[in-house]
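Peer 1: here is a sequence together with a model predicted from it:
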Amino acid sequence: MTEHKTNPILSHPAALSVYFLINLAVFLIVILRTWKGDWTFGVSPGGNLQTLKMVVYTFCFGGIGGTTYSIYGLYKYTVEGKFSSNYFYWYLFRGVLGAVLGMILYFLVQGGLLALAQDATRETFRSKALLVGAAFLAGFSANQFISKLKELSQTLWGVKSHKSADAGQG
């Protein structure tokens, strides 16, 4: 296996820890500003504000889930003496990937392609908590959620994998 070249300072566990804390702070600040109603920075977004708020919430909670898992992984492998800078990009993008997956989860539930619970599409606190909790889990367990997305894609379009889809092309 080829060793990836990364900046030893940036890929150091201490630098990654600071990066994770910044990620968490940004996600939490955005959540708080959205909740307080001062999240549009003076721009009128128009449309359904409740829907837009839920998109922001699920994005942020997915990001918190991905970042939380990154913190866990960094802690675990550093304590065990198995930390490798080869996973620098995994650590760097896991929170962002979690945020995107949390938002995708919201759209899949709202669009009816993914069912969580009977009242997940209603405007109650319980349904909102269910959606942001599920978004957190989508970010936290990104690999498993991506596997489910692949299964959903296979069901919808009948493609088993990217390799088999590409095999038929000349």
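Peer 2: The structure has been received and is ready for your questions.

Peer 1: which ones are touching the most centrally placed residue in the chain?
Peer 2: For the chain, the residue nearest the mean C-alpha position is Gly98 (1.3 Å; CA atoms, centre = their mean). Shown in contact with Gly98 (CB atoms under 8 Å, 6 or more residues apart in numbering): Gly62, Gly63, Ile64, Gly65, Gly66, Thr67, Tyr69, Ala138, Gly139, Phe140, Ala142. For every residue, glycine as well, the C-beta is placed using N, CA and C.

Peer 1: what kind of secondary structure is it in?
Peer 2: With DSSP: H, G, I helix; E, B strand; the rest coil as the basis, Gly98 sits in helix.

Peer 1: picking that back up, any idea which of the contacts of Gly98 is closest to Leu24?
Peer 2: Distance to Leu24 across those (CB to CB) is lowest for Thr67, with 5.6 Å.

Peer 1: next, Lys82: phi, psi?
Peer 2: Torsion angles at Lys82 (phi, psi; degrees, to the nearest 10) stand at phi -110, psi 10.

Peer 1: give me the neighbour count for it.
Peer 2: 8 (other CB atoms under 10 Å).

Peer 1: and if you look at Glu151?
Peer 2: Neighbour tally, Glu151, other CB under 10 Å: 10.

Peer 1: confidence score at it?
Peer 2: Per-residue pLDDT puts Glu151 at 90.

Peer 1: sorry, back to before: would you turn the contacts of Gly98 into a markdown table with distance to Val132, neighbour count and secondary structure?
Peer 2: What follows is the contacts of Gly98, written out as a markdown table (distance: CB to CB, whole Å; neighbours: other CB atoms under 10 Å; DSSP: H, G, I helix; E, B strand; the rest coil):
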| residue | distance to Val132 | neighbour count | secondary structure |
| --- | --- | --- | --- |
| Gly62 | 9 | 33 | helix |
| Gly63 | 11 | 30 | helix |
| Ile64 | 9 | 24 | helix |
| Gly65 | 10 | 29 | helix |
| Gly66 | 14 | 28 | helix |
| Thr67 | 15 | 26 | helix |
| Tyr69 | 16 | 18 | helix |
| Ala138 | 10 | 30 | helix |
| Gly139 | 11 | 34 | helix |
| Phe140 | 12 | 23 | helix |
| Ala142 | 16 | 23 | helix |
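
Peer 1: just the mean pLDDT for whichever strand or helix holds Leu32, thanks.
Peer 2: Element membership for Leu32 (DSSP states H and E) is helix 13-36. Across helix 13-36, pLDDT averages out at 94.
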